[in-house]
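Undergrad: Please work out how this folds:
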Amino acid sequence: TGQVKADQEGVTWASTNTAVATVENGVVKAVAPGSAKITASKDGFRTGDLNVTVNRKPPIATLHMEDADHNAADGFWYNSRGPELTPVYEKSAASDGTCIGYFGEGDVEVLKFTSSAAIKAELVLTMGHNNSFEPLADIMDAKLNNVAIDLSAKNYVTDSDGQGGYTFQGVSFGEFDLVAGENALELDLKGNAPYLDDLMI
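TA: Residues are numbered from 1 along each chain as shown. Okay, the predicted model is just below:
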């Protein structure tokens, strides 16, 4: 709500779009997103108007990481691979450079999280490898809530010291509409698989 005033007494207030905003005694009340014009008139003459735009307040959502489904192509986990090493963190900071999950060719990882509201969010996957490779689409397929994510324009190149050393870098998958309730990010590894460090939302 907001108070508007006229420089004369006894004006009549009106809104050109009461579905967006109403006005009574100079008090403007937002109804729904959109635009409206608030007018003041007296004795049949319009003495002023005010353009009003109503914006929807961005929703605030609470994210909760549920669990992950692991499917190793060879039927078992080895080295640093394993269901106990789930690369998921809620609102995580930048990667600390610690590899917590390696996935081989043919492995499938489904990361599940719930959102308390339908919101738009950016998904960033932090990964590292001791080889340089691009594009990302050659390495994995990705789906969010069973809808394919286009990775064709996503490249991933990591630095290597030539002795097996590598850095972790965040790769943005883009912004997506999350649903209220459970969301699932599926990663299907099909090439020289990276080390996945964490998922940042």
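
Undergrad: separation between K57 and V110?
TA: Applying C-beta to C-beta, to the nearest Å, the value for K57 to V110 is 32 Å. For glycine as for every other residue, the C-beta is placed from the backbone atoms N, C-alpha and C.

Undergrad: Of these two, which one has the most company?
TA: Comparing K57 with V110 by neighbour count (other C-beta atoms under 10 Å), the higher total belongs to V110, at 15 against 7.

Undergrad: Pull up the gap between the more buried one and E122, please.
TA: Distance of V110 to E122, given as C-beta to C-beta: 19 Å.

Undergrad: SS state for N155?
TA: coil (DSSP: H, G, I helix; E, B strand; the rest coil).

Undergrad: number of nearby residues for it?
TA: The tally of other residues near N155 (other C-beta under 10 Å) stands at 13.

Undergrad: Is it in contact with D138, as I believe?
TA: No - using C-beta atoms under 8 Å, N155 is not in contact with D138; the gap is 10.0 Å.

Undergrad: for the protein, which spans come out with low pLDDT?
TA: Applying pLDDT under 70 to the chain picks out residues 58-59, 63-104, 129-134, 157-167, 191-197.

Undergrad: residues touching the residue nearest to A30 when sequence neighbours are not counted, list them.
TA: Excluding its sequence neighbours, the residue lying closest to A30 (C-beta to C-beta, 6 or more residues apart in numbering) is V54, at 4.4 Å. The contact partners of V54, by C-beta atoms under 8 Å, 6 or more residues apart in numbering, come to 20-21, 30-36.

Undergrad: From one end of stretch 174-186 to the other, what's the distance?
TA: Stretch 174-186 has an end-to-end distance of 15 Å (C-alpha to C-alpha, to the nearest Å).

Undergrad: Cross the contacts of V54 against strands and list the overlap.
TA: Those of the contacts of V54 mapping onto strands are 21, 30, 34-36, per DSSP state E.

Undergrad: among those residues, which ones are buried?
TA: 21, 30, 36 (16 or more other C-beta atoms under 10 Å).

Undergrad: Enumerate the beta-bridge partners assigned to the last one.
TA: Per DSSP bridges, residues listed as beta-bridge partners of A36: V52.

Undergrad: For it, give me its contacts.
TA: Here A36 is in contact with 15-18, 20-21, 51-52, 54 (criterion: C-beta under 8 Å, 6+ apart).

Undergrad: And it, how close does it get to K5?
TA: Distance, A36 to K5, by C-beta to C-beta: 18 Å.

Undergrad: ditto for the first one
TA: As defined by C-beta to C-beta, A21 lies at a distance of 16 Å from K5.

Undergrad: now A30
TA: 18 Å.

Undergrad: How about K154?
TA: Distance from K154 to K5, by C-beta to C-beta: 54 Å.

Undergrad: from the buried ones among the ones in strands among the contacts of V54, which is closest to R46?
TA: A36 (15.2 Å; C-beta to C-beta).

Undergrad: Relative to T22, how far out is the closest one?
TA: 9 Å.

Undergrad: got any residues that touch both of these two?
TA: Here A36 and T22 share the contacting residues S15, scored by C-beta under 8 Å, 6+ apart.
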